[in-house]
Each structure stands twice: as structure tokens, then as C-alpha cells.
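Student: Provided below are the primary sequence and the corresponding predicted coordinates.
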Amino acid sequence: MAADAGPHHDIQALYSCHHRWLLGWLHRKIGCWHRSADLAHDTFMRLLAREEALAIAEPRAFLTTVAQRVLANQWRREKLEQAYLEALASRPAALAPSEEERAILLETLNDIAERLDGLPVVVKRAFLMAQLEGQSQAEIASALRISVTTVKRYLVRAGTKCYFAMSLA
């Protein structure tokens, strides 16, 4: 059975031995069995998406780390969605996007947030002020109380991170 020797075989063994434990750990963390099951599923799906084989010395510590990242991504997504819905609520009903447009916009916002993840807040703000609000570099510099040269550096940094994230996708 040469096909069983790949990375998915390792994940199958990891799932068989530790899924129930991970589900319990997630339930203790968030208190809902349904969400815990979804997050455990997402944790193993993230592992299945990897192309390289896993070399795991401490399976539960490894799963905890991956699950915490999945959970953090979920919380970030929910926070982003809540902020988006609050922004929509302040707009007149006639200008509200359709459900399809809302879904596309939320997915796009989440994608941008993922691509900018790890950058300092001020770099993200400068990038979003330029891209979403259409502010000039001078306006951003004034609003953030930094130099135009620093704004340029921030925009290049964020733009580079987005570009390379796109090329890896």
C-alpha cells in the first residue's frame, strides 16, 4: 500500500488518535459543541491542505497550535464581519448591497485582512487609507503624524505582502 505512506496517512493517524481529544479541548475553550466540531474539522482540513509530510513529536501540542490559529482566524473573521455590518447599518437602505455583494465584500475584506496579517497596525492603516479611502500619501502622513517617506515605505511593505500572497495562492 504505497499510497498510504504519504502525508495524508499521517493525518489520518493523527485524526484517529486525537480528534476526540481536540474536540473536547475546543469545547472547553468555546463552550459550544457545534462550533467545536466545525473548528476541529477546519483544523484537520488545514493539515490536509499541506503538501509536505508532518514530523510531529508532540501531537496534542501541535494540534493545539493549529487549532488556536484556526480559532484566531475565526474570531478575526467574526470581528471583521461585525464591523462591516455596523458600517452597513449606518448607510441608507437604498444604498445597501445585495446579499451576494455582501458575501463577496466580506470575503474580500477577510482576504485582505489575512494578507496583511502580521504587519504593524500603523502599516495596515496606511495601506487601507490609501486603498479604500483613496487618501494621498500626504493626507495619510498628516493623519498618522508620520513623514511621507514613512508612508511610502509602509505602502510598499503592505503592497509587497499582498502581492506575494497573491502569487502564492
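Tutor: Alright, I've got the coordinates. Numbers count the residues shown, from 1 in each chain.
Student: from the chain's centre, how far out does the lengthiest helix in the chain sit?
Tutor: For the chain, the longest helix by residue count, based on DSSP state H, is helix 59-89. How far helix 59-89 lies from its chain's middle: 7 Å, per C-alpha atoms, centre = their mean, to the nearest Å.
Student: With stretch 132-143 instead?
Tutor: For stretch 132-143, the separation from the chain centroid amounts to 26 Å (computed by C-alpha atoms, centre = their mean).
Student: For it, give me every contacting residue.
Tutor: Contacts with stretch 132-143, where a contact means C-beta atoms under 8 Å, 6 or more residues apart in numbering, come from Ala126, Met129, Ala130, Ser147, Val148, Thr150, Val151, Lys152, Leu155. Backbone N, C-alpha and C define where each C-beta goes, glycine included.
Student: which residues of the chain fall in helices?
Tutor: Using DSSP H, helices in the chain cover 7-30, 33-48, 59-89, 99-116, 121-131, 137-144, 148-168.
Student: Give the buried residues for the shortest one.
Tutor: This points to helix 137-144. Gln137, Ile140, Ala141 (16 or more other C-beta atoms under 10 Å).
Student: How far off centre is it?
Tutor: Offset of helix 137-144 from its chain centre (C-alpha atoms, centre = their mean): 27 Å.
Student: Export it to CSV, keeping only CA atoms.
Tutor: Output in CSV follows, covering the C-alpha atoms of helix 137-144 (Å, rounded to 0.1, in the frame of the first residue of the first chain):
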residue,chain,number,x,y,z
GLN,A,137,0.3,59.9,0.8
ALA,A,138,0.4,63.5,2.2
GLU,A,139,-3.0,63.1,3.7
ILE,A,140,-2.1,59.7,5.3
ALA,A,141,1.1,61.2,6.7
SER,A,142,-0.8,64.1,8.2
ALA,A,143,-3.5,61.8,9.7
LEU,A,144,-1.0,59.3,11.1
